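1. need coordinates for the following:
(one chain, ligands or ions: 1)
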Amino acid sequence: MGVVMRILAVGCHPDDLEIGCGGTIAKYAKLGHTVIMCHVANGNMGHVEILPDDLRIIRTKEAEEAGKVLGAEEVINIDVGDLYVTSFNEETALKIAEVIRYAKPDAIITHDEADYMRDHVETGKAVFNASFSTSINHYATKSPAFPGNSCPIYYMDTLAGVNFLPTEYVDITDTIEIKLEALSCHVSQIKWMLEHDKIDFIDFVRTCSKYRGLQCGVPYAEAFKSCMTWPRVPTKRFLP
Ligand SMILES: [Zn+2]
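-> The predicted structure follows:
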């Protein structure tokens, strides 16, 4: 594209962006674009044994390490407790709007409304709402109002790709190993899922990327849907 883009990726839990668009984030970074990652929930309930206050700290660190592996400029934690994310919470709405104004993105990536649990669905809705509010001058947050209309949004794949019909694909063949390395930073989750659910999550995510690759003729891919509402429908593609 030749122009340096600013991309904001907003996931729900600390590992969701690695799962849904880690390869794409790494690809943006490799191409010299700026990516800011943000997770709305702090992940404090994602374990059977580790207590929420401790897990919150562990998972914040895991997300920061994963962000470094992907080449993100920054990882922002909005710090809402797991299972308490709602797009109707005004405090959360203001915080997300501030992150968007701070990041000044050319495009935003977030969760699709068909995703598998409420926190994810509500994160996607909250980002959609906030990305409109950012242009409203009297909707005050620390950073100034974002000029112009709402920027394009890409919804990332649902967990395991269920109930998701992509409109865009990103070839992540060159960054699949970086994606999985970033995912491996989420030690508390990988270990927990292996021990308690007998799920090898690295293999799970590799399989999803391979399946999306199969659909578009490359070894590994990630899938997205363009948010088709006025005035976000782009005349050019912002995905790498
Ligand atoms: Zn999640």
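2. C-alpha only now, for contacts and for neighbours.
-> Fine.
3. name the residues that touch the least confident helix or strand in the chain by mean pLDDT?
-> Ranking every helix and strand in the chain by mean pLDDT, DSSP states H and E puts helix 187-196 at the bottom, with a mean of 89. Applying CA atoms under 8 Å, 6 or more residues apart in numbering, the contact partners of helix 187-196 are 46-48, 58-59, 62, 184, 199-202.
4. so which of those sits lowest on pLDDT?
-> Model confidence across the contacts of helix 187-196 bottoms out at V48, which has 84.
5. so what's it up against?
-> W192.
6. pretty sure it is in a strand, no?
-> No - when DSSP: H, G, I helix; E, B strand; the rest coil is applied, V48 is found to be coil, with no strand at that position.
7. state the phi and psi torsions of the residue of the chain positioned farthest from its centre.
-> The C-alpha centroid of the chain is most remote from H138, which lies 27.7 Å away (CA atoms, centre = their mean). Note on H138: its backbone torsions stand at phi -80, psi 0 [degrees, to the nearest 10].
8. same question for T173.
-> Per degrees, to the nearest 10, the backbone of T173 is at phi -50, psi -40.
9. returning to that earlier point: dump the contacts of helix 187-196 to JSON lines, plus distance to G23 and secondary structure.
-> Output for the contacts of helix 187-196, formatted as JSON lines (distance: CA to CA, whole Å; DSSP: H, G, I helix; E, B strand; the rest coil):
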{"residue": "G46", "distance to G23": "23", "secondary structure": "coil"}
{"residue": "H47", "distance to G23": "26", "secondary structure": "coil"}
{"residue": "V48", "distance to G23": "29", "secondary structure": "coil"}
{"residue": "I58", "distance to G23": "23", "secondary structure": "helix"}
{"residue": "R59", "distance to G23": "20", "secondary structure": "helix"}
{"residue": "E62", "distance to G23": "17", "secondary structure": "helix"}
{"residue": "S184", "distance to G23": "13", "secondary structure": "helix"}
{"residue": "I199", "distance to G23": "21", "secondary structure": "coil"}
{"residue": "D200", "distance to G23": "19", "secondary structure": "coil"}
{"residue": "F201", "distance to G23": "16", "secondary structure": "helix"}
{"residue": "I202", "distance to G23": "13", "secondary structure": "helix"}
